[in-house]
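Peer 1: Pasted the sequence and its predicted model underneath.
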Amino acid sequence: MKQERSSFTNRVGFVLAAAGSAVGLGNLWRFPYLAAKYGGGIFLLVYIILAVTFGFALMITEIAIGRKTRLSCIGAYKALDKRFGFLGWLASLVPVIIVPYYCVIGGWVIKYFVEFLSGHGAAVAGDADNFFSTFISASGGGVLASPVPWFILFVLVTALVVLFGVEKGIEKVSRILMPVLVILSIFVAIFSLTMPGAMEGLKYYLLPDFSKFSTTTVLGAMGQLFYSMSLAMGIMITYGSYMPKESYLEHSVAQIEIFDTGIALIAGLMIIPAVVAFNGGDPSAINAGPGLMFVTLPRVFEQMAFGGIIGTAFFLLVLFAALTSSISLMETVVSIVQDKLHWQRRASTVAVTVVVIALGMLSCLGYSDVLAAIKPLGLEFLDFFDFISNSVLMPIVAFLTCILVGHVVGTKVIADEVKGFGGLFRREKLHRVMVRWVAPVLLLVILAGELLKYFGVISI
Ligand code: PHE
């Protein structure tokens, strides 16, 4: 029996839902630390150029594929060309890798929220570096001092929402909370900029230093682009499949992009100048890793009047942004299990939850004594999963999608879908050139470069 596919009632509903999935830890946690790590301004510049060209082309392609085929990614690629059915599977592997470690970071956010809520914000800030490293390596005393229960809590909340199908409720709440998060972030960013030494940080963040450019910058920026905009993992195809035919696709994509990139930029403004200020105005001393947001922001809140309340509110808002994203990620995985194994929703959700907890436990305990000796590819587990999904799988999925659309079915199919009922496609030429030539060549060069570097053939 074929079910009628439900649609978003209008275009605004679609944009908000897609933006809810896109805006999350990627913008607030991941973007600032990558920008700090890959040379500040040069990363920002590369990121923005990629976002308006490549990100735009790929997002519009994925949404159009979904809207055209009315299928989620596994069926959709197959419907375009039988030989590319495997691509749907490859794309759906990405959320399977991301959800577990995403929930680990979600757990960190809950922990920080609880610390601030219970009035320990100042204590956290006073010993920020130490607090963070003691916490993630679970070397403090007691169960609650370890990241494990917080991680499991985050997974369970996500799973319950998916199980009871109450995403709609969460989405409604987050529609109100998201703008509040933006306003609060702008406020914190302005405050950060007033700290002594912050201007050096602002320069580091905004002014590109071309001597810091390398293919790794491009790879890092591209991985971040996929991650932040929920691309190259079939998610936008699924969203597109629910999009009403008569809505103006190009416009929607532009709005999602501006929103997503805007929030990332603000998050960078909030964090990077502050780190440099704490380093006495020396950008070269930034030690940027996954802990950057957790170590820096408590120290910023500490300096503010009402910092305890602001910190509590901030981590609560980040938690919501993270939840809307993790829900959309887990939902995708559950619906694949449901469709392909013909399991009930409840059984599928339980199975996915168990796998997420098992896999996530590796990332969660990767920093502790338990697993410290094991370093896949020389990385921490969390960084390893992040690397495999963002720097390996997603570029491969994106490359194959470009080949399929650019050289097998033809970009006209996408362009016709974008235009729909007499709509416009202003950047059609850009889309065509990007998808056919620029993106695949760039992706190939970068992937090859990384592999050669990994195997020590070249050093750039
Ligand atoms: N884009 C989300 C973020 O920035 C992460 C995410 C990826 C969410 C894929 C859903 C799907 O945090």
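Peer 2: Received the coordinates, thanks.
Peer 1: Leaving out sequence neighbours, find the closest residue to His431.
Peer 2: Ala57 (4.9 Å; CB to CB, 6 or more residues apart in numbering). In short, each C-beta sits where N, CA and C put it, glycine included.
Peer 1: right, I mislabeled it, should have said Gly281
Peer 2: Gly197 (3.4 Å).
Peer 1: Centre of the chain to the strand or helix carrying Asn130, how far?
Peer 2: Secondary-structure assignment from DSSP states H and E places Asn130 in helix 128-136. Relative to the chain's own centre, helix 128-136 is displaced by 24 Å; criterion: CA atoms, centre = their mean, to the nearest Å.
Peer 1: and the host helix or strand of Phe14, how far from the chain's centre?
Peer 2: Element membership for Phe14 (DSSP H and E) is helix 11-22. Here helix 11-22 is found 15 Å from its chain centre; the criterion is CA atoms, centre = their mean.
Peer 1: And the next helix or strand past that helix?
Peer 2: helix 25.
Peer 1: What is that next one packed up against?
Peer 2: Applying 3 or more CB pairs under 8 Å, 6 or more residues apart in numbering; DSSP states H and E, one finds that helix 25 contacts helix 85-117, helix 307-341.
Peer 1: is the ligand contacted by the helix or strand hosting Phe387?
Peer 2: Secondary structure assigned from DSSP H and E places Phe387 in helix 381-387. No: using CB under 6 Å from any ligand atom, helix 381-387 stays clear of the ligand, coming no nearer than 11.5 Å.
Peer 1: Tell me which residues are up against that helix.
Peer 2: Identification of contacts with helix 381-387 by CB atoms under 8 Å, 6 or more residues apart in numbering yields 97-98, 100-101, 104, 290, 359, 362-363, 365-367, 371, 374-377, 379.
Peer 1: Could you list the low-pLDDT ranges of the stretch 1-150 of the chain?
Peer 2: Where the stretch 1-150 of the chain drops to pLDDT under 70, the residues are 1-7, 9, 140.
Peer 1: So which residues on it come close to the ligand?
Peer 2: Ser21, Ala22, Gly24, Leu25, Gly26, Asn27.
Peer 1: for the stretch 201-350 of the chain, same thing?
Peer 2: Within the stretch 201-350 of the chain, the positions adjacent to the ligand are Tyr227, Ser228, Ser230, Met233, Ile235, Ser325, Ser328, Leu329 by CB under 6 Å from any ligand atom.
Peer 1: one more time with 5 Å
Peer 2: Applying CB under 5 Å from any ligand atom, we find that the stretch 201-350 of the chain lies next to the ligand at Ser228, Ser230, Ile235, Ser325, Ser328, Leu329.
Peer 1: so who does the second one touch?
Peer 2: Ser230 sits next to Ala18, Ser21, Ala22, Met236, Ser325, Ser328 when contact means CB under 8 Å, 6+ apart.
Peer 1: any chance of the helices and strands packed on helix 25 in a markdown table, with mean neighbour count too?
Peer 2: Formatted as a markdown table, the helices and strands packed on helix 25 follow (neighbours: other CB atoms under 10 Å):
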| stretch | mean neighbour count |
| --- | --- |
| helix 85-117 | 23 |
| helix 307-341 | 21 |
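Peer 1: so which of the ones you listed comes closest to Ala51?
Peer 2: helix 307-341 (18.0 Å; CB to CB).
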